[in-house]
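Novice: make a model of this:
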Amino acid sequence: MKVSLVENKLEKENISSYILNDLNLWFEDEDAVKNYIEKSKDYIFFKASENGKNFGFIVYKKTSDYTIEIFVMGVLKNYHRKNIGRNLFEKSIEILKKYNFEFVQVKTLKEGIDDGYDKTNKFYQALGFRKFEVIEEIWSEDNPCQIYVKSII
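Specialist: From the prediction side, this is the model:
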């Protein structure tokens, strides 16, 4: 599986649309999906592919000179638990370290609210992310936002 940087905006749109539409358990809100697809075109975008088929993608947003945030990430449903997400994260971070980033953060739904998102939390924890803070005001009281951080230096 090859992890590569994508710079073409149309390719970013096609990949993110294809994969996010396969992940309707996590991405139910159509407006949110459209927002992810649209904004991803302007952020740092990596894909995981093999033989011309895209299996996953990860998009990073620069939040400071030292920090990047995982804006959105997805791997096709049928390819979960095959280390594609882990490889996509690890290989993309190796490339991004060259730009002197020191931290990566990610926002997700707090554990204990939704079984699907509990798996997402475990995924980030397995990558070495640490719980930083829960902020209810970001999304809503019913959807408390868990922020994870990880040092990459």
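
Novice: tell me how far stretch 56-64 is from the chain's mean position?
Specialist: When distances are taken as C-alpha atoms, centre = their mean, to the nearest Å, stretch 56-64 is centred 7 Å away from the chain's centroid.

Novice: give the buried residues for that stretch.
Specialist: 56-61 (16 or more other C-beta atoms under 10 Å). Placement of C-beta: from N, CA and C, glycine included.

Novice: can you redo the residues you listed as TSV with pLDDT?
Specialist: Output for the buried residues of stretch 56-64, formatted as TSV (pLDDT from 0 to 100):
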residue	pLDDT
Gly56	97
Phe57	98
Ile58	98
Val59	98
Tyr60	98
Lys61	98
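
Novice: ok, which pair from the residues you listed is furthest apart?
Specialist: Largest separation among the buried residues of stretch 56-64 by C-beta to C-beta: Gly56 and Lys61, giving 17.7 Å.

Novice: for stretch 123-134, what is the distance to the chain centroid?
Specialist: Counting by C-alpha atoms, centre = their mean, stretch 123-134 comes out at 13 Å from the chain centroid.

Novice: now stretch 131-148
Specialist: Computed by C-alpha atoms, centre = their mean, the chain-centroid distance of stretch 131-148 equals 17 Å.

Novice: thought Phe101 was touching Tyr66?
Specialist: Yes: using C-beta atoms under 8 Å, Phe101 makes contact with Tyr66 at a distance of 6.2 Å.

Novice: out of the two, which sits in the busier spot?
Specialist: Between Phe101 and Tyr66, Phe101 has the larger neighbour count (other C-beta atoms under 10 Å), namely 19 against 12.

Novice: three-state assignment of that one?
Specialist: coil (DSSP: H, G, I helix; E, B strand; the rest coil).

Novice: relative to Ser151, how far out is it?
Specialist: Phe101 sits at a distance of 10 Å from Ser151 (criterion: C-beta to C-beta, to the nearest Å).
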